[in-house]
Structures are given as structure tokens and as C-alpha cells.
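[1] Model the following, please.
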Amino acid sequence: MIAIGAFDGVHKGHQAVIKQAVEKSRICQVPSVIYTFDPPPRHFFRGVQILTPIQEKVNRIAKLDVDYVIIASFTEWYATRPPEDFICELSKLNPVEVNVGSDFHFGKNREGDVNLLEQYFPINMMPPVYCKSGKLISSTRIRQLISEGDFQQSYSLLGWRTGME
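    Below is the predicted model of the structure:
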């Protein structure tokens, strides 16, 4: 099982994707693999604040009982690769299933999407995760809350004991 994403913040939505990959990997008796990026693509392209530096991200992912973490170095070269390169790279990992969010895109100009992945791998598209108030949990929303000084709610959405430790 492979879960792919930027996972910046490793918030409750990310945790749901990762936990499902871990649970299914145990059932299928295969390793759980998290494929993530450093820096996160939105930081690379837009300069957005990074919620979790790479070592913190890896530590938080490890606490979710993941077997392996692959960190792709998100560089200019990586960002300009055609989607087929990413598919070729994934195929070398021989995934039983690939877990992604519904908005997952990859490759140059975000040309690759879930529909393209489905042509090569079994896909489990995770639905968005919402908080109790019905609002989407996302890294973008958490960044907004932090910029507004609402650390309590941002910590709640992150779902980690002490927030951004």
C-alpha cells in the first residue's frame, strides 16, 4: 500500500489517508509506504509557509506505524517531469493499491491526475475530511488559522497532542 501526498502538517485529513494505507497493508500483508515531497509542492511553486519541516513530518508519519517513507526531493527537475515518469517510478514499487486525495495531481503542469493513475494501479481515492463544524480540514486552512492567530483551532485540526511541537 502506498499513500502519496505532500502531507504538510500531517493533519487529521492526512492521518486518515495514512492510517487507511497502514490498516490495509496489514490486511494484505504488504509493507505500508508513504511517498511525500520535500519541500511540499505548494511551497516550491507559491512559497507558502511549511507547517512541518521534513524531519518533523517523518517523525509524525512514523508515529502512525508506517513501514517506509519515501521522500522525493521536489526540485525544478522533479516539477518538470512528465506524468509518465512518476508512473514509471511508482510501478517500480509494485503497489497493491495507491491511496491519494481526490485533488491529487502530478507531473509537469499538474497534467497527471487520479484518472491517469487508475489506468496503471488500483486506486483508493480518499474523501476529504471535515471537522466537527463541517469545514474542510486542509493545510491551507490551517495556515490561514495560524496567520489569524487562532492556534487553538489550528492545533485541533492538526490532531497532534501539543500542536506544532
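[2] hey, let's count contacts and neighbours off CA atoms from now on
    Will do.
[3] so what pLDDT did residue 164 get?
    pLDDT for residue 164: 40.
[4] could you give me the average pLDDT of the longest helix belonging to the chain?
    Criterion DSSP state H: the longest helix present in the chain is helix 12-28. For helix 12-28, mean pLDDT rounds to 95.
[5] Let's see stretch 30-43 as PDB, backbone CA atoms only.
    Output of stretch 30-43 as PDB, limited to C-alpha atoms (Å, rounded to 0.1, in the frame of the first residue of the first chain):
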ATOM      1  CA  VAL A  30       2.400  -6.000   2.500                       C
ATOM      2  CA  PRO A  31       4.500  -3.000   3.700                       C
ATOM      3  CA  SER A  32       2.900   0.400   4.100                       C
ATOM      4  CA  VAL A  33       4.800   3.100   2.200                       C
ATOM      5  CA  ILE A  34       4.300   6.900   2.400                       C
ATOM      6  CA  TYR A  35       5.500   8.800  -0.600                       C
ATOM      7  CA  THR A  36       5.900  12.500   0.200                       C
ATOM      8  CA  PHE A  37       7.800  15.600  -1.000                       C
ATOM      9  CA  ASP A  38      10.400  18.000   0.300                       C
ATOM     10  CA  PRO A  39       9.800  20.800   0.100                       C
ATOM     11  CA  PRO A  40       6.000  20.500  -0.400                       C
ATOM     12  CA  PRO A  41       5.000  21.400  -3.900                       C
ATOM     13  CA  ARG A  42       2.900  24.500  -2.800                       C
ATOM     14  CA  HIS A  43       6.000  25.800  -1.000                       C
END
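[6] which residues are contacting that stretch?
    1-8, 18, 21-22, 25-26, 48-50, 54, 66-74 (Cα atoms under 8 Å, 6 or more residues apart in numbering).
[7] all helices for the chain, in order.
    Under the criterion DSSP H, the chain contains helices at 12-28, 41-46, 54-62, 76-79, 83-91, 114-118, 139-147, 151-158.
[8] Could you name the helices and strands sitting against the first one?
    Spelled out, that is helix 12-28. Contact here means 3 or more Cα pairs under 8 Å, 6 or more residues apart in numbering; DSSP states H and E; on that basis helix 12-28 packs against strand 2-4, strand 98-101.
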